[in-house]
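K.L.:
any chance you can model this:
(chains A and B)
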Amino acid sequence: MKGEVVALIGENGSGKSTIIESLCGITPLKKGVVHWTTESNIYKVIRDSEGRRNPPPPMGLTLQDSGMCGEETVSERLHTALSVSGLDANEEVIAKLLYDWNLNHRSKSRISQLSGGLKRRLAVLCGLAPVALSDSDRIAILDEPSEGLDLNSKRLLMDWIKTLSSLNNTILISTHDQDIINCANRIIEINNGSISEENGKNMGNKCKIPDFLPRKNQDATFTLIKWAFRMELRNPIDTIGKATPAIVALLLAYTLVGKLELNSDNYDLLAALILAPSFITCIVSPALVSRLIEDGSGKWWNSMVGPMSRPANSISGSSLLLPIPLAYLSCFMLMDISSLELSSEVADNVFLWLWLPSLVMLDLAVAATGIHLLVSDLTRANAAASPLLLVTLAWPFLELTDALSTIMANGMSFELEFQNPLITCLIASLSSAMIWIAAIYIPES
Amino acid sequence: MADTTHIGKILTKCGLFFIFLTAFLGLFWAPTVTGSWKSPEAYRILYWHVPIAWITIISYTFLFVGALSWYSKRKEWGWNLVVVGSELSLIFGLGAIISGTIWGSAEWGVPWDWTDLRLNTFGLLTATSLFLVLARESQPDGMDTRDTLSSIGLFGFALVPITLIATTWYKNRHPGIIIIESEESGLSSEILSLMMMGAVSFIILFIGLSIVSYSTIKLESELQNKQMKFD
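P.N.:
Residues are numbered from 1 along each chain as shown, chains lettered A, B, ... in the order given. Okay, the predicted model is just below:
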C-alpha cells in the first residue's frame, strides 16, 4: 500500500534477499508473477515464471552488496542513480545530498577508496534519493540498509524513511536491525518457508529533504551504455587488456612469417596470421564483465535497465575499436616481410578490402562478449572456464580467413556465389549473430 | 537406494569387463578390413570409438532433456539429469574425440577436420560438458547457479544447428571426408558382431555409471539438506 514501510525479517538464509531480487526482476521465478503498478496506475509484469520480463518503473534500490563499481566517483554514482530513474540532477542538488549524508568531502573520490561504512552510506543514499527527489509516489527497496552504518547515519536513514513514507512513498526493507524494524508499519516474517505478518511501531522523526527534481526523458539503457564508456575512459584496462595479447600475437606472427616458406598455395596461413591478432582481441574477456561482477554492480544495472541490459552490455563491452586497426597493422607488417612476393596488385587488393573481414570481426566480438556475459551470471564467474564456450567462434574466424585468402588469390568479387569473399563474410557474420542471439536470449527467456 | 547403487556398481563392473573383452577381441581376433582404407589396422580402434560415440549421444540427450526440464519447469530430476548427463558426456565425449583423432590421424592424415559435422559437434558439446562439470564443482549450489548452468547447457545445444550450418557452408569450399559405410568399406560379419558386442558392453557400462552417479547426486542433495537444517 502507498505510504507504507514494510520490514521483511527472518533468519539468515530464509530468502529475504531472494524476495527483494525477485521483486526487482533480477532473479528468475520458479512460479508466480511479480507485477508493479506504474506511476500512471497501470499493472506491469516485471517478471514471471513463463519468462516474461520488463524493467520496473523508476525506483530506488539498495542491494545487499553495494551494487556499485569501484571505478565511479561518489558524485557520479549519485548522479547515475538519479539519472537512470529519470531525474535531471544538477551539481547543486548532488552537493546538497552529499552534504546531508556527510559525504561531500568525498564527492570526487572513487568508490574503491571509501571505507565499508561510507560505501554503505552512499549505497543507501543512492537507494533513497531517486524516491525522495521525485514528484510522484515511488518505491524504495533496501536490502540490509543499516549494515555497517554508524549511529548518526542510521538515525538519518530512519528519519528519511519516515519522511518519505509521509510523502506517500512505499519503502520495503529487509533487515535484522531492531531500530529499523521499529520504523515499519508492517512487519513480514519469513520462518521455515512460511510467512507471518504483524503491525509495526512506525517510529522515527520527519526531517527536511531536498526539493523535487525535474524529470528528463532518458532511456535507462542509454545511461548504462554511457556509464560503460565513461568507466573505460577513466581506466582503460579493457583496451590495454585486449590490445596486449593481440600485439604479442602479432609480434610472434611477425617472427614466424619471416622463417616460414609461404607460397601461393598457403595463402590461408598468411590470412590466418593477419587476422589472428584481431580475433584474439575480440575473444578476450571484456573489463565490463569484471566491472559488472564487482560488488553486485551488474545486478543493480540489471534491475534498473531490465531485459535490455544484457544486449546493451554485450555491445558496449565488446572490442569495437581495435579489430580493424589491428588487422591493418598486422597486414602491413606481415605482408611486407613474407616470402610470398605478392604482386603490388594483390597487395593493393588486400589493403583495399581488408576492412570487410575486419568489420565482420566486430560481430564476432559482440558474440564473444555475449558468451562472457552468459558465464558472468554464475556466482563465482571468475572460477568458470568461459574459453570452453568460445570454441564455437572458430567457424566465423575460419570463414573470414577463407575470405581473405580468396581476396589474396583471386581478388575481390561481388558475384553471389559461395566461393566469393562477400558471401563468406556474410556467412561468418550470420554465424556470429546466431551465437550472440543464443547467448543473449536463452538466459533471459 | 543402497540396492540401486549396488546394482549400478555390478553393471559398471560387468560393462568394464566386456569393453576390455571387446578391445582384446578387436586387437587379436577380428580380421583386418579390406577395401579402400588407407590404414586398415588402425580401424581396430573403432570397436571402442563407435560405441563410445553412440553412448555420448545418449549422454548428450540426458543433458539436453535435463537442462530443458530444469530451465522450463525447475524439476529436481531435471537438474539431476543435467549433472549425470554432463559428467557422462564429458567422459564418453572425450573418449570419442581422443579415439577419433587417433583414427583420423592414421586414416585421413589429419587429427581434426573443421568440415566434419560429427567431429565438430562432439567437440563443441564435450567442451560444454567440461564447462558444466568444472562450473558445478566451483560454484555454490543454488537456484541461480542451476538456472545459469542449465541455460549454458541449452546454449551448447543451440550451437549444434549453428555448427551444422557453419560446417556445411565451410564444407562447400573443401574436399569431403571418408564416411564409413559397411558395404562400401567391406566390413565382414565378424567385425559387425564385435562392433555390436562393443555397443552392448558400453550400454551396460553407461547404465551402471548413470545409476551410480544418480544415486551419488541424491545422497549429496540429502546431505546438503541436512547441513542446511543444522545451519
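K.L.:
what about A:Val289, how many neighbours?
P.N.:
21 (other C-beta atoms under 10 Å in any protein chain shown). Quick note: C-beta positions are derived from backbone N, CA and C, even for glycine.
K.L.:
measure it to chain B for me?
P.N.:
14 Å (C-beta to the nearest C-beta, to the nearest Å).
K.L.:
could you pull up phi and psi at that residue?
P.N.:
phi -60, psi -40 (degrees, to the nearest 10).
K.L.:
quick check: the gap between it and A:Lys119.
P.N.:
21 Å (C-beta to C-beta, to the nearest Å).
K.L.:
which residues of chain A lie near chain B?
P.N.:
By C-beta under 8 Å from any C-beta of the partner chain, the part of chain A that sits against chain B consists of A:12-13, A:18, A:27-28, A:30, A:374-375, A:377-380, A:383-386, A:388-389, A:391-392, A:394-396, A:398-399, A:402, A:418-419, A:424, A:427, A:431, A:434-435, A:438-439, A:442-443.
K.L.:
following the helix or strand of chain A with the lowest mean pLDDT, which helix or strand comes up?
P.N.:
Sorting the helices and strands of chain A by mean pLDDT, DSSP states H and E puts helix A:344-353 at the bottom, at a mean of 83. Downstream of helix A:344-353, the first helix or strand assigned by DSSP states H and E is helix A:355-376.
K.L.:
check which helices and strands that following helix sits against.
P.N.:
Judged by 3 or more C-beta pairs under 8 Å, 6 or more residues apart in numbering or on different chains; DSSP states H and E, helix A:355-376 is in contact with helix A:267-283, helix A:287-293, helix A:309-316, helix A:323-337, helix A:394-410, helix A:421-444, helix B:143-171.
K.L.:
recalculate using a threshold of 7 Å.
P.N.:
Here helix A:355-376 touches helix A:267-283, helix A:287-293, helix A:309-316, helix A:323-337, helix A:394-410, helix A:421-444, going by 3 or more C-beta pairs under 7 Å, 6 or more residues apart in numbering or on different chains; DSSP states H and E.
K.L.:
so which helix or strand takes in residue 128?
P.N.:
Since you didn't name a chain, this refers to chain A. Assigned by DSSP H and E, A:Leu128 falls in helix A:116-132.
K.L.:
switch to chain B, that's the one I care about
P.N.:
Taking DSSP H and E as the definition, B:Thr128 sits inside helix B:117-138.
K.L.:
picking that back up, output the least confident helix or strand of chain A as PDB, nothing but the C-alphas.
P.N.:
The C-alpha trace of helix A:344-353 is given here as PDB (Å, rounded to 0.1, in the frame of the first residue of the first chain):
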ATOM      1  CA  SER A 344      51.600  -4.900 -56.000                       C
ATOM      2  CA  GLU A 345      48.100  -5.500 -57.500                       C
ATOM      3  CA  VAL A 346      47.400  -8.300 -54.900                       C
ATOM      4  CA  ALA A 347      48.800  -6.300 -52.100                       C
ATOM      5  CA  ASP A 348      46.700  -3.300 -53.100                       C
ATOM      6  CA  ASN A 349      43.600  -5.500 -53.300                       C
ATOM      7  CA  VAL A 350      44.200  -6.900 -49.800                       C
ATOM      8  CA  PHE A 351      44.700  -3.400 -48.300                       C
ATOM      9  CA  LEU A 352      41.600  -2.100 -50.100                       C
ATOM     10  CA  TRP A 353      39.300  -4.900 -48.900                       C
END
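K.L.:
tell me the contacts of A:Pro357?
P.N.:
A:275, A:400, A:403-404, A:425 (C-beta atoms under 7 Å, 6 or more residues apart in numbering or on different chains).
K.L.:
of these, select the buried ones using a ChimeraX command.
P.N.:
Of these, the buried ones can be selected in ChimeraX as follows, counting by 16 or more other C-beta atoms under 10 Å in any protein chain shown:
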select /A:275,400,403,404,425
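K.L.:
B:Ala199: which of the contacts of A:Pro357 is nearest?
P.N.:
Distance to B:Ala199 across these (C-beta to C-beta) is lowest for A:Leu400, with 40.4 Å.
K.L.:
from A:Leu404, how far out is the nearest residue to the closest one once chain neighbours are set aside?
P.N.:
Take A:Leu400 and drop its neighbours on the chain: the residue closest to it by C-beta to C-beta, 6 or more residues apart in numbering or on different chains is A:Pro357, 4.2 Å away. Going from A:Pro357 to A:Leu404 by C-beta to C-beta gives 5 Å.
K.L.:
overlap in contacts, the two.
P.N.:
A:Leu275.
K.L.:
count of neighbours near the closest residue in space to A:Arg106 that isn't next to it in sequence?
P.N.:
Leaving aside its chain neighbours, A:Arg106 sits nearest to A:Val74 (5.1 Å; criterion: C-beta to C-beta, 6+ apart). By other C-beta under 10 Å, the residues close to A:Val74 number 28.
K.L.:
surely A:Val45 is in a strand?
P.N.:
Yes. When DSSP: H, G, I helix; E, B strand; the rest coil is applied, A:Val45 is found to be in a strand.
K.L.:
distance-wise, check it relative to chain B.
P.N.:
Taken as C-beta to the nearest C-beta, the span from A:Val45 to chain B is 18 Å.
K.L.:
contacts for stretch B:136-152, please.
P.N.:
Residues contacting stretch B:136-152 (C-beta under 7 Å, 6+ apart): A:27-28, A:374, A:377-380, A:383-384, A:442-443, B:67, B:70-71, B:79, B:82-83, B:128, B:131-132, B:135, B:224.
K.L.:
taking the stretch 1-150 of chain A, what residue is nearest to chain B?
P.N.:
A:Lys30 (5.0 Å; C-beta to the nearest C-beta).
K.L.:
so what's that residue up against?
P.N.:
A:49, B:74 are the contacts of A:Lys30 under C-beta under 7 Å, 6+ apart.
K.L.:
state the pLDDT value of it.
P.N.:
Looking at A:Lys30, its pLDDT is 76.
K.L.:
which of the three states applies to it?
P.N.:
Assignment for A:Lys30 (three-state DSSP): coil.
K.L.:
now swap in A:Asn205 and tell me
P.N.:
Strictly by three-state DSSP, A:Asn205 counts as coil.
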